[in-house]
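Visitor: make a model of this:
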Amino acid sequence: MVDIKEIKSIKLAPFTLMSSAVSSILAFIGALLYLILFSILGAFMPTFGASLAWLGVAMVIILPISAFFIGIATNFYSAFVYNKLVPRLGGVKLGMEGSDVAEIPILNFALILAAIETIWAFIIGLFLAAAMTPLTSFLSSLIPVMSQAIANATNTTGTPLPTGDIVGAIGVFGALFLIIGLPIIVFVVGFIGHALAAFFYNAIATKVAKIKLEFAAVSGSTFELKTIPVVPVALAVAVVMTIFGLIMGLINLISLSAQGFAVAGIMVLIYDIVMYFVQYFIIAALAAFFYNFLVPRIGGIELDLE
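Guide: Have a look, this model is predicted:
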């Protein structure tokens, strides 16, 4: 029998620390792969070998540290926003059969995750608009002066084109798009994407493998996520993302076939399917493995479940 559990809140400190630590380790592994790649390239391009080697070493240092501190900010704020939105939108719900996630109710899952992404899009859009507006304002005032100066220098007649007004209008519309249009697009795309992910999990992935989450009671309705079995979560995530890869591959196949490159389209379709499965299986498996490794050392994620 499926027992529906709602994540009413996320304990900020444990979630932030664990998520940032796992992200940092994954970034370190990615940086090591870049170091190996740059070393191979350096062997074939001796002129740039030393530069590529130093670049690889720098990435090994910079990427994990950046991932950790950026994760501290983004994970903390995302969990904070989640907790604030739950009373208004409802939290993520999980249909549990023992430790198996047998079902993910679609609406709650898609709505709150899309809402969090929309808030992030609004913040980023507001920042970009604030950075862009002074620049376009400066250019809109500078361009007419430059146009007149060019006209005087070349002895041409006539009124300079109102390019300054055009630049100013572009700046205004660009700022409005970043502040209003971008969050709307992010919400729509995010809602559809998360809804499809939950649907694919419920309808297809659970036939192959169900995500397992092993909780331990802390106090009252608070539970600590002690273990995430590696293979089930890796298989489930890989299956869901492979379906997205299939969709992307079919779109590419149709596009390339319309241009007369059907064989290339089939190759791209196979590539997308295989790469989506392999890539997301490895990422999910590593994330679960390092989560389990870190729990005894820094503590697991704590959730209020009802």
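
Visitor: these two touch, right, G90 and I7?
Guide: No - counting by C-beta atoms under 8 Å, G90 does not reach I7; the two are 9.9 Å apart. Quick note: C-beta positions are derived from backbone N, CA and C, even for glycine.

Visitor: which of the two has more residues huddled nearby?
Guide: I7 (20 against 17; other C-beta atoms under 10 Å).

Visitor: within the sheet, what are the partner strands of the helix or strand hosting that one, with directions?
Guide: Assigned by DSSP states H and E, I7 belongs to strand 3-10. Within its sheet, strand 3-10 is paired with strand 93-97 (antiparallel), strand 302-305 (antiparallel), according to DSSP bridges.

Visitor: quick check: mean pLDDT across it?
Guide: Averaging pLDDT along strand 3-10 yields 96.

Visitor: give me whichever of the strands paired with strand 3-10 is most buried.
Guide: strand 302-305 (a mean of 21; mean count of other C-beta atoms under 10 Å).

Visitor: quick one: mean pLDDT for that strand?
Guide: The pLDDT scores in strand 302-305 average 96.

Visitor: same check, this time on stretch 24-32
Guide: 96.

Visitor: how about the residue nearest to the spatial centre of the chain, what does it touch?
Guide: Centroid-nearest residue in the chain, with C-alpha atoms, centre = their mean: E117, separated by 9.2 Å. If a contact means C-beta atoms under 8 Å, 6 or more residues apart in numbering, then E117 has 186-187, 190 as its contacts.

Visitor: so D304 touches L12, yeah?
Guide: No - using C-beta under 8 Å, D304 is not in contact with L12; the gap is 11.9 Å.

Visitor: lowest-scoring secondary structure element of this protein by mean pLDDT?
Guide: Across the helices and strands of the chain, the lowest-confidence element by mean pLDDT, DSSP states H and E is helix 163-176, at a mean of 71.
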